[in-house]
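Participant: let's see this in three dimensions:
(one chain, ligands or ions: 1)
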Amino acid sequence: MAAELEAYAAEVATCTRCRLAEGRTQVVFGVGDPNADLMFVGEAPGFHEDQQGIPFVGQAGKLLDKLLAGIGLARADVYITNVLKSRPPGNRDPKPDEIEACEGHLFRQVALIQPKVVATLGNFATKLLSGKQLGITRVHGQEQEVILGGRPVLLYPIYHPAAALYTPAMLKVLEEDFRRLPELIGRVNAPPPEPAPVLMAEPAVQLGLF
Ligand code: URA
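Facilitator: Model prediction:
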């Protein structure tokens, strides 16, 4: 899978499916473990991400690193990407036609990485991957099973770290929601429950066992 993901990244590096190709420095494909159980999906590259070609390297990224460390994980343990792979000018919101042009790349990444849990950061990733228009304020912290990349995945919407940077109340909620991630990954990894013992329909005596 790692080789396939790398080959796909090379393909996407020259993508011109939308207007953002004209203004970007480079495509920001994604970073981390190609076999990660946990994947984060943000919104779009900002200035620093566009410069460095790596998602979440600015202030929001530093907070994401801190939140990860808080649950005993590092960047290398997870996979991090965005809905859009190219920076919108002036960090404006993604436009619907840009999301439509780019979403195939995200779906292919999910299909190749096969994560167990996908944490969507903020509204854009949450709405795209849940297929519903419910906003992040209503659905954050509520996991739901969805089919992504042809497989069941636990979708877990949480606030975008950039939104939490300057709003302490939101940061607290983000920290609380983040703390549930190990449990969610563990839940998906847990072996299925033992089948219930088959009860004998007839008393053992009648079956000639005694
Ligand atoms: N915000 C995002 O949504 N993605 C990044 O990569 C950086 C900031």
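Participant: who touches stretch 89-107?
Facilitator: With contacts defined as C-beta atoms under 8 Å, 6 or more residues apart in numbering, stretch 89-107 is touched by 8, 12, 15, 17-20, 23, 29, 41, 43-44, 46-47, 81, 83-86, 88, 124, 128-129, 148-149. C-betas here are computed from N, CA, C, even on glycine.
Participant: among those, which ones are buried?
Facilitator: 8, 12, 15, 17-18, 20, 29, 41, 43-44, 46, 81, 83-86, 88, 124, 128-129, 148-149 (16 or more other C-beta atoms under 10 Å).
Participant: the contacts of stretch 89-107 also near the ligand: which ones?
Facilitator: The residues of the contacts of stretch 89-107 that also fall near the ligand, by C-beta under 6 Å from any ligand atom, are 43, 44, 46.
Participant: and the gap between the last one and residue 127?
Facilitator: When C-beta to C-beta, to the nearest Å is the yardstick, residue 46 and residue 127 sit 20 Å from each other.
Participant: please apply the same query to the second one.
Facilitator: Counting by C-beta to C-beta, the gap from residue 44 to residue 127 is 14 Å.
Participant: for the ligand, what's its nearest residue on the chain.
Facilitator: Relative to the ligand, the nearest point of the chain is residue 42 (2.9 Å; C-beta to the nearest ligand atom).
Participant: show me the contacts for that residue.
Facilitator: Residues near residue 42 by C-beta under 8 Å, 6+ apart: 55, 56, 60, 80, 81, 82, 83, 121, 122, 125, 160.
Participant: now, these that are in helices?
Facilitator: 60, 125 (DSSP state H).
Participant: for residue 104, the count of nearby residues, please.
Facilitator: 12 (other C-beta atoms under 10 Å).
Participant: er, residue 76 I mean
Facilitator: Neighbours of residue 76 under the rule other C-beta under 10 Å: 11.
Participant: cool, and residue 126?
Facilitator: Quick note: residue 126 (other C-beta under 10 Å) scores 27 neighbours.
Participant: go ahead and confirm it touches residue 133.
Facilitator: No: taking contacts as C-beta atoms under 8 Å, residue 126 lies outside contact range of residue 133: 9.8 Å.
Participant: helices of this protein, start to end?
Facilitator: Taking DSSP H, the helices of the chain run over residues 2-12, 20-23, 47-52, 59-70, 96-113, 123-130, 136-139, 161-164, 168-179, 181-189.
Participant: counting contacts, what elements does the strand ranked longest in the chain pack onto?
Facilitator: Of all segments of type strand in the chain, defined using DSSP state E, the longest is strand 151-158. In terms of contacts (3 or more C-beta pairs under 8 Å, 6 or more residues apart in numbering; DSSP states H and E), strand 151-158 is packed against strand 117-121, helix 123-130, helix 136-139, strand 144-148, helix 168-179, helix 181-189.
Participant: 6 Å - rerun?
Facilitator: If you count contacts as 3 or more C-beta pairs under 6 Å, 6 or more residues apart in numbering; DSSP states H and E, strand 151-158 packs onto strand 117-121, helix 123-130, strand 144-148, helix 181-189.
Participant: report the angle between the first one and helix 59-70.
Facilitator: Strand 117-121 and helix 59-70 are oriented at 140 degrees to each other (axes from the mean of the first three to the mean of the last three C-alpha atoms, to 10 degrees).
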